[in-house]
Each structure stands twice: as C-alpha cells, then as structure tokens.
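In: Could you look at this predicted model? Sequence included:
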Amino acid sequence: MPFISKDLATAACAFTFIAIATSSFRKWMKAKKPYAFIPGPDPSTLAGYLLDLHSPDALGWHFNMPEEYGHVARLKGGLVGADALYITDPAALNSILIRQQAWFPESTEFAGLFGIVHCGDGVASVKGREHKKQRKYMDVLFTASRVSKLTPMFYRVARQLETKLTANLSGKPPGQVVDMLDYLTRAALEIIGTAGIGHTFNSFDDKSEAFEEFHGAITSVLPLASRLFLVLPFLESWRKLKPVWLRRTLASIATFPWPAAGKFRAAVDAMHPVYVKLYKTRQQALEEGGSAALAENAAGGKDLITSMIQANWQADEADKMSDDVVLANMSSIVHGGQETTSSGLARFLTIIAEDVNLQQRLRAELHQAKAKKAPGEDLDFNELERLPLLDAVVREMLRIYSPVTFVWRQTTKDVLVPLTYPIRSTNTGEEVKELLIEQGTAVYLGLSAANRSTAIWGPDAAEFKPERWLKRTQTESKLPGTYSGMMTFLSGAKVCPGKTFAILEMKLVLSVLLLAFSFEPISAPIDWRMGITLEPRVRGARKRGRPGPCSRHGSVIL
Ligand code: HEM
C-alpha cells in the first residue's frame, strides 16, 4: 500500500468536502433560482431585491421595469433569498388577478400586517369564500347609485375646506404659500370619516385632538410597519391567534426591543378604540330603537358603515360577520380611502399649478356647467361625472401617477400563466410564451409600471396627455384593469371597492377648489416618495406636509 502522508490525506478530505459542498450549494441555488433564465435587475445589496423594491426612492426603478427587462422580470433574491417575479404582462395579470386568482392570494406578510393593523380579519386579510362573503357586504355600499347619495356630504366637507382656506388667505396679498397637502389630508379624512363611518374628526379645527391623534396614527402605521420588515413574516401567525382581544392584551403587556414596534402598537391603539366606540353606539341604537335609531350620527345614518352594520344585523345567523370582522372592515375602508385620495388630490394640484392653461380650461368648463344651474346650486354626481376635461385630467393623472405602485401576491401551488409578451431566455435566447410560477413564489404586480408601458400604451406612455381620453385616441389597453384598462384600481376579486367614491371625491373637491382659488407652483422641487401610496415632499424637507407638496401654490381668491 503506497504511503500517504497525513497532510495529503487531510488536504484530500478538505478538497472532497469543498467539492461536495459546492456542488450541493449549486444544486440548492438552482432549485431556489428557477427563474434564472428571465432578465432582471441586479440587486444593489447582497440582501437581494427587497430593499430596491421597497425603497421610498424606487419609483423610477418600478417605472423602468417593463422598458428595461420586459413584462416579466426576475427579482434576484441575493445570497440566500429566493427569487421573485415582477409582472406587468397583460395576459399574466389577467390570469393572476382573474382567471387563476384563487392561487395568487395576497402575500402572507401583507395579510398578516393588515390583520394586525385592522385588529381583525377584514377583506384585506382574508381569501377565498370568506373574502367573497365580506365583499358582498362591501360592494353594495359602493355602487354608483349608493355613492351618488353621498354627494351632499362630500360638498359639506369641501365647503369647510374652502372656508378654512379663504380665512387663511383673507386680507393677504396674492401669491401666499399654503401647505395644501395638510388641507387635502384634512379634507380626505373628514370625507372618509363622515361618509365612510359616520364620524367627524373635526379635521378643520386647528386644535382638534381627535384629528391630530387619529391622523398621526393612520399616516404613520404603515411606514412604521415597513421598518419592521424582519418581523413581517411572523405577523400572519400572530394574526391567527384568536380571540382578537387576547392577542391585543398580550401585545399591550409585551415589551418590544425596537422603538418602531412600540410606536406601531401605539398607532394601532390610537385608531382601534375609535372604531369600537362607533360600532358599540350603532349596535346599542339598533338593539334599542331598530334601524330608525341609526340616524343620530355625523352622517345622519347615511354613511357606508352604518349601512353595513344594519345589513349585518338583519342577515341570517350563518351569513353574519363577527364584531371583529365588522370592526376590521371599518378600518379597511378608512385606510383604503384616506391616503390614496389625498395623494391623488395633491398630485392633481401639482399638475394644474404647473399648467396655467389647463387650469383655466378646467375652470371655464366648471363655470359653463354651473351657469346652467340655479344660483348657489351645486353640480350633482352625474353632472360632475360628465365634465369631459375634468374627467380626462383625472383619468390621465390616475394612469401615469397611480397612487398605489404595486401589489404583492404569493402562489399557493405551481401555476402556468400565459404571456402577451414572450420572455427572451437569457440562457438559450429562445422565446418563452408561458411561464410556470412555482408554489411559494413572491409575485409583485407593477400597477404603475403597467400603466406606463410603451408596448401597451404607445411611445408617449410616460407623458401626461389628457387629450388621449378627450379625443379618444387611446385605443383600448390590453390590461385587465377595471378603469379604462389601467391597473390603478386593480381588477378581479380584490378590485378596489372604493373606485367610484374616490373619483367622485377627487372631482368634487377639485371643482370646489378651482372655482374659488388659483394655484401656482413653489420654486422648490417636489419629490414623490413611495410608501403604501405616493407621498409628495418638498426636496430637503424632513417631514411630509409642512411645507408640503402643494404648499407652494400661491392661492389667490378669484
Ligand atoms: C385614488 C384612490 C384609490 C386607489 C388608487 C385605490 C387602489 C386600490 C388598490 C390597488 C387596491 C388593491 C390592493 C391589493 O389587493 O393589495 C385597493 C383595495 C381596497 N381599497 Fe382602494 N384605492 C383608492 C381609494 C379607495 C377608497 C376611497 C376606498 C374606500 C372608501 C378604498 C377602499 C379599499 C378597500 C377596502 C380595499 C381592499 C379590498 C379587498 O381586499 O378586497 N379605496 N385599492
């Protein structure tokens, strides 16, 4: 037997070990990287795509995705993370959101997070049959005929906004700089408060503690949650701990190692009691005086949640939602309707402040419509709906500046989806016309990116051109979105129920503002930062608002 030195044997063992480990790691990586043939951006850190995707400055990253990598892009998981997919392909979106939506629920991270924020399993957290059941209660609240009845309530708030702004400007020379984001946020919260849940936050009262506390909580809770990224995967198990009161009691006595976790808990604790109090009052009214007794709230009983509580109270036992579910849905409606619309309104003012001609044309259209009404009479739901220029501007604004940039799904089994735009394999150069999405894959649906894709909307896709809706030059998009084929409000089972509410709110508030004030931009640039919705911020300012995105508008009473 040949002589083998101890050192040589050790080296051979080490070499064999390294070879086996490397081969196993390669196999493991291959199994974890089933999308290696799909083009996609290189992550900026070893931690993979997550930081790039969620960064507040990532808007450009999102917009460019289909232009640079195609309508399906691979998001690289980094050293140890799994790859994900970024999808803007029309056929794939149709499959994920409509045809095969059962296999693409909301990611467990988001479902868990919303379950905690809303203190219960409302529409934002549940799936399948339970989601369908809850959406039946919700969808009847948001039909056009139901929403049109909220118009007087919206006007009441818009007039409060006008009065407050007028008082601020009175006696001052033209060109005053006003923090319009602050005003718009107050208007949006007051509208969703009164019309949504029959509650006033006294939002236009500078000393309103109810507004300060609630508004502080609703605007901070999701940004705080994003700082707790590492714990998001565990929130789903936490959400499943029942009953909700036990979970909340445990959370209230726990000590958290991160300040952000404590602040997150405080934000949830500031909002939940408001819903509980309102809910209990309605329940008591129903028990003592039946449906007629519901009229005694800020909205005279005509708000959306009072209708939901009433319908639930009258439903058969098997169809009833539990108290926790109704409470969670109150919170879902307020959350869904607050920052999205104030962000949209702020964007609209930014656009018209920079385009004086467009501002004048919109004002002229409103004057013309008002001239047909009796003095002091407001335009109603249908008349606001039919103003062609206002409609085109709102539509175009919601297309290229979608307040929600992307949504996050996760497959629950292997699913084959068709593609409108085939993927060119980076391995073989061949075209791939269908994509197998493996179970457990995180799938990001790029709403803004799809709304700006040049392949879908034409070479001028990224330009703000309301004329495309006026002249009807925009051909029907291939996307499955419910609103002129754009993805802004999504589609399928999880389509935004508040679309008609949001559009009425934006058109109505803008019509009131345009008839009373004119707007100019401030000199400082405005950056739009990405969170759950888009948030405008004056460059260099540390906080949202003061001075906010629209603070630059020199507001002049006409
Ligand atoms: C411009 C304004 C708005 C935009 C762009 C918008 C967009 C969206 C989007 C993209 C989703 C889907 C989220 C997902 O599946 O992950 C959604 C869901 C939702 N939105 Fe809106 N929304 C707006 C206004 C509103 C308003 C005013 C309300 C209520 C009054 C509302 C209530 C909701 C609710 C409750 C959901 C959850 C639906 C479900 O999970 O089944 N939204 N919205």
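Out: Nice, thanks for sending it over. Given the structure is predicted, the values throughout are model-derived calculations rather than measurements.

In: Could I get the contacting residues of His131?
Out: 123, 493-494 (C-beta atoms under 8 Å, 6 or more residues apart in numbering). (Each C-beta comes from the backbone N, C-alpha and C, glycine too.)

In: Which strand or helix spans Glu535?
Out: Secondary structure from DSSP states H and E places Glu535 in strand 534-538.

In: let me fix that: Thr426
Out: Counting by DSSP H and E, Thr426 is found in no helix or strand.

In: pretty sure it is touching Tyr35, no?
Out: No - counting by C-beta atoms under 8 Å, Thr426 does not reach Tyr35; the two are 10.1 Å apart.

In: okay, these two: which has more neighbours?
Out: Using other C-beta atoms under 10 Å as the criterion, Thr426 and Tyr35 rank with Tyr35 on top: 24 against 12.

In: how many other residues sit next to the residue of the stretch 1-150 of the chain at minimum distance from the ligand?
Out: Closest residue of the stretch 1-150 of the chain to the ligand, C-beta to the nearest ligand atom: Val123 (3.9 Å). Val123 is flanked by 26 other residues according to other C-beta under 10 Å.

In: now it: how far from Asp7?
Out: 67 Å (C-beta to C-beta, to the nearest Å).

In: which residues does Ile192 contact?
Out: For Ile192, the contacting residues are 333-334, 337-338, 341, by C-beta under 8 Å, 6+ apart.

In: How many residues are close by the residue nearest to it when sequence neighbours are not counted?
Out: The shortest distance from Ile192 to any non-neighbouring residue, by C-beta to C-beta, 6 or more residues apart in numbering, is to Gly337 (4.1 Å). When neighbours are counted by other C-beta under 10 Å, Gly337 registers 25.

In: mind listing what Gly337 touches?
Out: Shown in contact with Gly337 (C-beta under 8 Å, 6+ apart): 188, 191-192, 196, 498, 501-502, 505.

In: which of the residues you listed are close to the ligand?
Out: Among the contacts of Gly337, the ones lying near the ligand by C-beta under 6 Å from any ligand atom are 192, 196, 498, 501-502.

In: Identify the farthest-apart pair in the residues you listed.
Out: Gly196 and Ala502 (11.5 Å; C-beta to C-beta).

In: and the gap between Met486 and Arg395?
Out: Distance, Met486 to Arg395, by C-beta to C-beta: 8 Å.

In: Repeat that for Arg537.
Out: From Arg537 to Arg395 the distance is 25 Å (C-beta to C-beta).

In: Check Asp89 too.
Out: Taking C-beta to C-beta, one finds Asp89 at 23 Å from Arg395.

In: Show me which residues of the stretch 51-200 of the chain sit near the ligand.
Out: Applying C-beta under 6 Å from any ligand atom, one finds that the stretch 51-200 of the chain approaches the ligand through 106, 123-124, 135, 192, 196.

In: Quick check: what element follows the helix or strand containing His131 along the chain?
Out: Per DSSP H and E, His131 falls inside helix 128-139. Sequence-wise, the next helix or strand beyond helix 128-139 is helix 144-148, with elements assigned using DSSP H and E.

In: where along the stretch 151-300 of the chain do the strands fall?
Out: Here the stretch 151-300 of the chain has its strands, by DSSP state E, counting those that start in this stretch, at 176-178.

In: any low-confidence regions in this protein?
Out: Scanning the chain for pLDDT under 70 picks out 1-6, 9-10, 12-14, 16-17, 19-32, 229-239, 253-256, 298, 473-476, 542-558.

In: Which residues of it lie near the ligand?
Out: Residues of the chain lying near the ligand by C-beta under 6 Å from any ligand atom: 106, 123-124, 135, 192, 196, 332-333, 336-337, 340-341, 344, 403-404, 407, 488-490, 494, 496-498, 501-502.

In: Would you point out which residue is most central in the chain?
Out: Per C-alpha atoms, centre = their mean, the C-alpha nearest to the average position across the chain is that of Val404, at 4.1 Å.

In: of Met486 and Arg395, who's got more company?
Out: Met486 (26 against 19).

In: Would you agree the more buried one is in contact with Ile400?
Out: No - contact criterion C-beta under 8 Å: Met486 and Ile400 do not qualify, at 9.1 Å.

In: Mutual contacts of those two, please.
Out: With C-beta under 8 Å, 6+ apart as the test, Met486 and Ile400 both reach Asn451.

In: Give the burial count for the residue lying closest to Phe264 once chain neighbours are set aside, as a bare number.
Out: The shortest distance from Phe264 to any non-neighbouring residue, by C-beta to C-beta, 6+ apart, is to Leu224 (4.3 Å). Number of residues near Leu224 (other C-beta under 10 Å) recorded here: 21.

In: for the one 4 residues further on, same thing?
Out: A count of neighbours around Leu228, defined by other C-beta under 10 Å, yields 17.

In: how close does it get to Leu113?
Out: From Leu228 to Leu113 the distance is 9 Å (C-beta to C-beta).

In: what does Leu222 give?
Out: For Leu222, the distance to Leu113 - C-beta to C-beta - is 8 Å.

In: Kindly provide the distance from the closest residue to the ligand within the stretch 301-450 of the chain to Tyr444.
Out: In the stretch 301-450 of the chain, the residue that lies nearest the ligand is Gly336 (2.4 Å; C-beta to the nearest ligand atom). Applying C-beta to C-beta, the value for Gly336 to Tyr444 is 20 Å.

In: quick revisit: which among the residues of the stretch 51-200 of the chain next to the ligand gets closest to Lys277?
Out: Nearest to Lys277 out of those is Gly196 (C-beta to C-beta; 15.4 Å).

In: Regarding the residue lying closest to Pro521 once chain neighbours are set aside, which helix or strand does it belong to?
Out: Nearest residue to Pro521, sequence neighbours excluded (C-beta to C-beta, 6+ apart): Ala353, at 4.4 Å. Element membership of Ala353, judged by DSSP H and E, is helix 323-354.

In: Okay, buried residues for that helix please.
Out: Buried residues in helix 323-354, counted by 16 or more other C-beta atoms under 10 Å: 323-353.

In: ok, back up a step: list the contacts for the residue of the stretch 1-150 of the chain closest to the ligand?
Out: Counting by C-beta under 8 Å, 6+ apart, the residues that Val123 touches are 131, 134-135, 138, 329, 332, 497.
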